[in-house]
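1. here is a sequence with its predicted model. Questions after.
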Amino acid sequence: MMVALEGLWHDNCVLDPVMLGQTIADIAQAHFRVYVVYCSNAIYQNRKLNQLTSVLRLALWLSFCIELIDE
């Protein structure tokens, strides 16, 4: 997307709103399916992120406890 927008900017540093809108629409249409898949997996990604965050918190807490015991 950025390459296409940069191309518009190189053609004319004053971006034409119609061309800009058309370029964004073309890119969105060509790559919309990828975004749909990404969004449909977002719940699973968030669930996994929460699990990993919880494990990290537990690991940090255990590490802290071990340091206290060792002192």
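-> Now that the structure is in, tell me what you want to look at. Numbers count the residues shown, from 1 in each chain.
2. on contacts alone, who are the packing partners of the least confident helix or strand in the chain by mean pLDDT?
-> Within the chain, no helix or strand scores below helix 2-11, which has a mean of 82 by mean pLDDT, DSSP states H and E. Counting contacts by 3 or more C-beta pairs under 8 Å, 6 or more residues apart in numbering; DSSP states H and E, helix 2-11 packs against helix 17-40. (C-beta placed from N, C-alpha, C; glycine too.)
3. mind giving me the domain split of this protein?
-> Following the assignment in automatic domain parsing, the chain carries domains at 1-31, 41-71.
4. okay, those in TSV with mean neighbour count next?
-> Formatted as TSV, the domains of the chain follow (neighbours: other C-beta atoms under 10 Å):
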stretch	mean neighbour count
domain 1-31	11
domain 41-71	10
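5. mean pLDDT lowest where, among these?
-> The minimum mean pLDDT among the domains of the chain belongs to domain 1-31 (a mean of 83).
6. from residue 45, how far off is the most centrally placed residue in the chain?
-> Of all residues in the chain, the one closest to the mean position by C-alpha atoms, centre = their mean is residue 38, 9.4 Å from it. Separation of residue 38 from residue 45 (C-beta to C-beta, to the nearest Å) stands at 9 Å.
7. check residue 56 too.
-> Counting by C-beta to C-beta, the gap from residue 56 to residue 45 is 16 Å.
8. and residue 71, by the same measure?
-> 39 Å.
9. biggest helix in this structure by residues?
-> Assignment by DSSP state H gives helix 42-70 as the longest helix of the chain.
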